[in-house]
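[1] Starting from these lines, generate the structure:
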Amino acid sequence: MEQHVQLGDVRTWYDEQGSGEPLVLLHPGGADARAFGPNIEAFAERFHVFTPERRGHGRTPDIEGPISFELMAQDTIAFLETVVGGPANLVGCSDGATVALLVALRRPDLTRRAVIVSGVSHHEGWLPGVLDMDEESAEFLGASYGEVSPDGAEHFPVVLAKLDRMHAAEPTLTAGDLAAGTSRTLVMTGDDDEIAFEHTIAMYSGLPDAELAIVPGTSHGLLVEKPELCNRIILEFLTTDPVQTYAPIRRAPAAS
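    The predicted model follows:
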């Protein structure tokens, strides 16, 4: 069921499907909720799935001023409070993963469990050059944007410039920021992703209650490249409690 909600200055578009515990999907940057096409049906069999589109993305119009991760996190917090009405599971991909991470850190009371797919906690985590968009990619994203944006295809370069400025300076979370996290979190990446492995491992190691999944034979598009495997990993994380492990190192009980 497609709807709009006014969150401050942003007239946010969202869809919802399924029933059960709430699950909010946060799409990649420069894209929209259609990016979760191979995943929504599986998630909606177990959850009440919400797919909001962030400011300047998809069917949510752009507004005056910058786009930033902090602003999008605050928009998402407002969505959780206003539309969901309480805590939800969060699954974010790429820029959406960073938004999910910020929400989990800022408002753990609104975060049941969080899945961080191919996201960064600091802008230096991207591999060199991967954010330099070539002409073919810009044309593809621009055409997709123009199909649904109320601002029209001609506005896409404006949004792209805003995202470029954001990516050059954000996010800037520190090890101390991550250490303050309390939400159970799955950090997930492709084995040929655009994020440096060292950065992904640092996020996993820095979050107190985190699990790690590296999906073999995938890139930054892992949710589309191997949707069945990714859906299974995410759903298991969201629906089951941690199992007892018999040779823990990182999770070994602290000595009394």
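
[2] Torsion angles phi and psi at residue 84?
    Here the main-chain torsion angles of residue 84 (degrees, to the nearest 10) amount to phi -70, psi -40.

[3] Tell me how many other residues crowd it.
    Residues lying near residue 84 (other Cβ atoms under 10 Å) number 19. C-betas here are computed from N, CA, C, even on glycine.

[4] Spatially, what comes nearest to it if we skip its sequence neighbours?
    residue 22 (5.0 Å; Cβ to Cβ, 6 or more residues apart in numbering).

[5] What of residue 35?
    Nearest to residue 35 is residue 27, by Cβ to Cβ, 6+ apart, at 4.8 Å.

[6] and residue 133, what helix or strand is that in?
    Under the assignment given by DSSP states H and E, residue 133 is not contained in any helix or strand.

[7] show me what contacts the residue nearest to residue 13 when sequence neighbours are not counted?
    Distances taken as Cβ to Cβ, 6+ apart put residue 59 closest to residue 13, at 3.8 Å, once the chain neighbours are dropped. Taking Cβ atoms under 8 Å, 6 or more residues apart in numbering, we find residue 59 in contact with 2, 13, 32, 53, 148, 149, 150.

[8] Apart from its neighbours in sequence, what residue is nearest residue 63?
    residue 9 (5.2 Å).

[9] could you measure that neighbour against residue 208, distance?
    Counting by Cβ to Cβ, to the nearest Å, the gap between residue 9 and residue 208 amounts to 35 Å.

[10] Neighbour count: these two, which is higher?
    When residue 9 and residue 208 are compared on other Cβ under 10 Å, the one with more neighbours turns out to be residue 208, at 13 against 10.

[11] right, and the residue nearest to residue 63 touches residue 62 too?
    No. No contact is recorded between residue 9 and residue 62 when judged using Cβ atoms under 8 Å, the distance being 10.7 Å.

[12] In the stretch 101-250 of the chain, where is pLDDT below threshold?
    The model of the stretch 101-250 of the chain has no residue with pLDDT under 70.

[13] where exactly do the helices run in it?
    Secondary structure of the stretch 101-250 of the chain by DSSP state H, counting those that start in this stretch: the helices cover 135-148, 156-169, 175-179, 197-206, 222-225, 227-239.

[14] Most tightly packed of these?
    helix 222-225 (a mean of 21; mean count of other Cβ atoms under 10 Å).

[15] what's that one in contact with?
    By Cβ under 8 Å, 6+ apart, the surrounding residues in contact with helix 222-225 are 35-39, 93, 117-118, 188-190, 193, 215, 217-219, 230.

[16] Show the contacting residues for the closest residue in space to residue 81 that isn't next to it in sequence.
    If the residues on either side of it in the chain are set aside, residue 81 comes closest to residue 110, at 7.3 Å by Cβ to Cβ, 6+ apart. Taking Cβ under 8 Å, 6+ apart as the criterion, residue 110 is in contact with 77, 80, 81, 86, 87, 88, 103.

[17] cutoff 10 Å now
    Contacts for residue 110 (Cβ atoms under 10 Å, 6 or more residues apart in numbering) come out as 24, 76-77, 79-81, 84, 86-88, 90, 103-104, 183.

[18] Also residue 237?
    For residue 237, the residues meeting the contact criterion (Cβ under 10 Å, 6+ apart) are 89, 91, 113, 114, 115, 184, 185, 186, 188, 211, 213.

[19] who's the fourth one bridged to?
    Okay, so that is residue 114. On DSSP bridges, the residues paired with residue 114 through beta bridges are residue 90, residue 185.

[20] what's the neighbour count on it?
    Applying the criterion other Cβ under 10 Å, we find 29 residues in the vicinity of residue 114.

[21] Verify the stated contact: residue 236 with residue 186.
    Yes. With the criterion set as Cβ atoms under 10 Å, residue 236 and residue 186 qualify as a contacting pair; they are 9.4 Å apart.
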